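**Q** sequence first, then the predicted structure:
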Amino acid sequence: MGLSTTLVNALSGLNAAARGAEVVSSNVANARTPGFARRELNLSAMTLGNNGAGVRIDRVSRSLNQFLLNDRRIADADAGNATVRTDFLSAAESAVGQPGTAGSLSDRLAALGQAFLLAASRPDAPARLQSVVTAANGLIQKLAQVTTSLQTARMDADARIDGLTKELTTNLGQIDRLNADILTEHSSGRDATALMDQRQKLVDRVAVIVPIREVARPHDQVSLYTTGGAILLEGNPATIGFTPVGVITADMTLASGALHGLTINGQPALSTDAGALGGGLLGAELAIRDGLAPGIQTQIDALARDLVARFQTPGLDPTVAPGQPGLFTDAGAPLDPLTETGLAGRLRLNALVDPAQGGALWRLRDGIGATAPGNVGNATLLTALNNALEVPRIPASGGFIGAARSAAGLGADILSQITTDRLAGDSRASFTTARQSTLTDLQLKDGVDTDAELQNLISIEHAYSANARVIKVVDDLMQQLIGL
């Protein structure tokens with residue numbers, strides 16, 4: 001081997017060592033950077049004829065466990081989905097209120113029963129009759145507040161669905177452009193790992209919105225599919241469409257056409273949490289808007305219907321004509337079972353007994369349809385109204401278990417169902433969060449090991465020193481030859 005060949009070999013080794021040190025420093029500096037994958041320097045031997053001609057730097061590659069990455073992304077989607085659902089159920093539970101809490105639904109029902117008892121003990125006292133009106137209006141306001149809370153949650157979910165679909169479409173377009181840029185860099189022989197890191201961060205965000213699987217394609221290209229079977233990126237990025245409605249009322253549903261669903265490239269997609277785009281943040285918001293909130297609203301409306309029906313029972317108040325409303329009304333009108341949806345937000349006290357609406361308190365004692373005051377000591381109707389509130393009845397709607405319940409018992413059943421769902425959601429959220437954390441830790445352990453990188457740096461330094469020494473020896477020999 002001649003001196004020139006030796007010098008070339010040493011110089012190539014020196015370059016490879018310098019590039020290796022650069023790769024190690026990048027790995028250590030970005031050990032905790034989201035989307036960063038550990039770099040590896042790929043080298044191969046160069047030959048000239050049958051003789052060694054140094055070392056060639058083939059490329060800098062990214063080292064990651066794609067199977068683990070896919071599992072972690074699905075865990076991210078599951079954890080996000082469970083958290084959004086649980087947060088909604090917790091808010092709904094707070095809106096209804098816990099028993100014993102001032103202003104809760106059970107508290108308002110109990111207050112109405114107590115007001116009836118107090119009024120029956122002194123039917124001649126206007127203040128006690130007024131307490132019945134106050135308690136009844138308090139119950140009405142509570143049902144309206146729960147309805148408002150549920151519909152606000154649906155409107156917020158609708159707005160978030162709009163934002164998530166726009167973000168999803170934007171991210172898919174950016175991933176597609178990065179695919180093209182990476183292909184260009186490879187064709188030009190340049191390092192594209194930084195672009196691949198950017199792409200991974202975008203794919204990670206897409207995976208939180210919709211659970212996906214990433215499929216590797218030649219030349220470091222990727223395709224994306226949802227776990228529900230939708231194609232998000234295969235050659236061209238998908239366009240996810242959605243039209244928000246702004247204001248949502250209890251009667252507005254996806255099935256009626258009043259609310260809009262998702263589209264993929266202009267084609268309707270199943271817009272539920274079990275659909276092609278379900279399972280992540282997007283699916284959770286769809287579940288709130290079209291499933292969870294309407295389900296609770298149905299039970300709240302059933303309670304409102306039960307209240308109207310209790311005080312509209314034939315014979316309870318002989319002064320009320322058949323078909324006319326009793327103590328509670330549907331915005332002043334009799335109950336129509338066909339328009340039950342949203343009743344809790346329309347429930348009103350019969351104007352005939354409310355002085356604020358031009359009515360008279362004595363009608364609570366003498367009959368809602370009475371034309372003149374009667375015996376001020378007669379507590380028969382007040383006692384009957386209290387009994388009507390407490391008598392067990394099988395609710396006509398709401399999907400309850402079918403057992404007879406008092407009004408307070410029905411309210412307790414509503415809270416119990418919400419709490420049961422919330423506890424189940426908490427359990428699922430804890431599991432999915434723990435799984436997400438475990439897979440994230442495994443991915444970090446599978447990523448940059450700073451101890452191993454520093455050990456590798458020592459080996460690189462030795463290689464650099466050895467090649468530098470070879471160059472020094474060659475230089476000394478060449479100087480001696482020149483001096484001859």
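**A** Perfect, I can see it now.

**Q** what are the boundaries of the strands in the stretch 301-450 of the chain?
**A** Counting by DSSP state E, counting those that start in this stretch, one finds strands in the stretch 301-450 of the chain at the ranges 328-330, 347-349.

**Q** now mean pLDDT and mean neighbour count too, for the ones you listed, in TSV please.
**A** Backbone N, C-alpha and C define where each C-beta goes, glycine included. Putting those into TSV (pLDDT from 0 to 100; neighbours: other Cβ atoms under 10 Å) gives the following:
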stretch	mean pLDDT	mean neighbour count
strand 328-330	95	21
strand 347-349	96	22
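
**Q** and of those strands, who's closest to Ser465?
**A** strand 347-349 (85.9 Å; Cβ to Cβ).

**Q** what lines up beside that closest one in the sheet?
**A** strand 328-330 (antiparallel) (DSSP bridges).

**Q** dump the strands of the stretch 301-450 of the chain into a markdown table; add distance to Pro322 as well.
**A** Conversion of the strands of the stretch 301-450 of the chain to a markdown table gives the following (distance: least, Cβ to Cβ, whole Å):
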| stretch | distance to Pro322 |
| --- | --- |
| strand 328-330 | 15 |
| strand 347-349 | 20 |
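
**Q** which one of the ones you listed lies nearest to Thr83?
**A** Of all the strands of the stretch 301-450 of the chain, it is strand 347-349 that lies closest to Thr83, at 33.3 Å by Cβ to Cβ.

**Q** neighbouring contacts of that closest one?
**A** With Cβ atoms under 8 Å, 6 or more residues apart in numbering as the test, strand 347-349 has contacts from 133, 136-137, 140, 143-144, 304, 307-308, 327-332, 357.

**Q** would you agree Gly367 is in contact with Asp317?
**A** Yes: with contacts counted by Cβ atoms under 8 Å, Gly367 reaches Asp317, the gap being 5.5 Å.

**Q** those two: who's more crowded?
**A** Set side by side, Gly367 and Asp317 show unequal neighbour counts under other Cβ atoms under 10 Å, the larger going to Asp317 at 24 against 19.

**Q** quick one: residues contacting the more buried one.
**A** Contacts for Asp317 were tallied using Cβ under 8 Å, 6+ apart; they are 311, 326, 367-369, 381, 384.

**Q** mind listing what's buried along stretch 97-113?
**A** For stretch 97-113, a neighbour-count test (16 or more other Cβ atoms under 10 Å) marks 97, 104-113 as buried.

**Q** that one - what's its average pLDDT?
**A** Model confidence over stretch 97-113, given as mean pLDDT, is 93.

**Q** need the distance between the two termini of that stretch.
**A** 18 Å (Cα to Cα, to the nearest Å).

**Q** what's next to it, contact-wise?
**A** Where contact means Cβ under 8 Å, 6+ apart, the residues beyond stretch 97-113 that reach it are 96, 132, 135-136, 138-139, 142-143, 146, 386, 389-390, 407-408, 411-412, 414-415.

**Q** which of these fall in helices?
**A** Assigned to helices by DSSP state H, the following of the contacts of stretch 97-113 qualify: 96, 132, 135-136, 138-139, 142-143, 146, 386, 389-390, 407-408, 411-412, 414-415.

**Q** give me the buried entries from those.
**A** Using 16+ other Cβ under 10 Å as the burial test, the ones in helices among the contacts of stretch 97-113 include 96, 132, 135-136, 138-139, 142-143, 146, 386, 389, 407-408, 411-412, 414-415 as buried.

**Q** look at Ala404 and say how many residues are nearby.
**A** Burial of Ala404 is recorded as 11 neighbouring residues (other Cβ under 10 Å).

**Q** doesn't Pro392 make contact with it?
**A** Yes: in this structure, Ala404 sits in contact with Pro392. The criterion is Cβ under 8 Å, and the distance is 3.6 Å.

**Q** can you get me a residue count around the residue lying closest to Ser397 once chain neighbours are set aside?
**A** Nearest residue to Ser397 in three dimensions, chain neighbours excluded: Ala302, at 4.5 Å (Cβ to Cβ, 6 or more residues apart in numbering). When neighbours are defined as other Cβ under 10 Å, Ala302 has 22 of them.

**Q** which residues are in contact with Leu364?
**A** Shown in contact with Leu364 (Cβ under 8 Å, 6+ apart): 119, 129, 132-133, 353, 381-382, 385.

**Q** same thing but 7 Å
**A** With contact taken as Cβ atoms under 7 Å, 6 or more residues apart in numbering, Leu364 is in contact with 119, 129, 132, 353, 382.

**Q** which of the residues you listed tops the neighbour count?
**A** The member of the contacts of Leu364 that has the most neighbours, counting by other Cβ under 10 Å, is Ala119 with 29 neighbours.

**Q** show the pLDDT at it.
**A** According to the prediction, Ala119 has pLDDT 96.

**Q** spatially central residue in this structure, please.
**A** Val84 (3.3 Å; Cα atoms, centre = their mean).

**Q** backbone dihedrals for that one, both of them.
**A** Main-chain dihedrals, Val84, degrees, to the nearest 10: phi -60, psi -40.

**Q** domains in this protein, by residue range?
**A** Residue ranges for each domain of the chain read 3-64+447-483, 70-436, as given by automatic domain parsing.

**Q** which of the ones you listed sits most buried?
**A** Among the domains of the chain, domain 70-436 has the highest mean neighbour count (mean count of other Cβ atoms under 10 Å), at a mean of 18.

**Q** give the contact list for Arg428.
**A** Taking Cβ under 7 Å, 6+ apart as the definition of contact, the neighbours of Arg428 are Ala82.

**Q** picking that back up, same list (the contacts of Asp317) but as TSV, adding distance to Asn65 and pLDDT.
**A** Formatted as TSV, the contacts of Asp317 follow (distance: Cβ to Cβ, whole Å; pLDDT from 0 to 100):
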residue	distance to Asn65	pLDDT
Phe311	66	93
Gly326	68	93
Gly367	78	94
Ile368	73	94
Gly369	77	91
Leu381	76	95
Ala384	73	95
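
**Q** for those residues, give me JSON lines that also has distance to Leu281.
**A** Below are the contacts of Asp317 laid out as JSON lines (distance: Cβ to Cβ, whole Å):
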{"residue": "Phe311", "distance to Leu281": "44"}
{"residue": "Gly326", "distance to Leu281": "46"}
{"residue": "Gly367", "distance to Leu281": "56"}
{"residue": "Ile368", "distance to Leu281": "50"}
{"residue": "Gly369", "distance to Leu281": "54"}
{"residue": "Leu381", "distance to Leu281": "54"}
{"residue": "Ala384", "distance to Leu281": "52"}
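
**Q** ok, the residue nearest to the residue nearest to the centre of the chain when sequence neighbours are not counted - contacts?
**A** Taking Cβ to Cβ, 6+ apart as the measure, Val84 lies nearest to Ala284, with 3.7 Å between them; neighbours along the chain are not counted. If a contact means Cβ under 7 Å, 6+ apart, then Ala284 has 81, 84-85, 273 as its contacts.

**Q** for these, which one is nearest Arg160?
**A** For these, the nearest to Arg160 is Val84 (8.8 Å; Cβ to Cβ).
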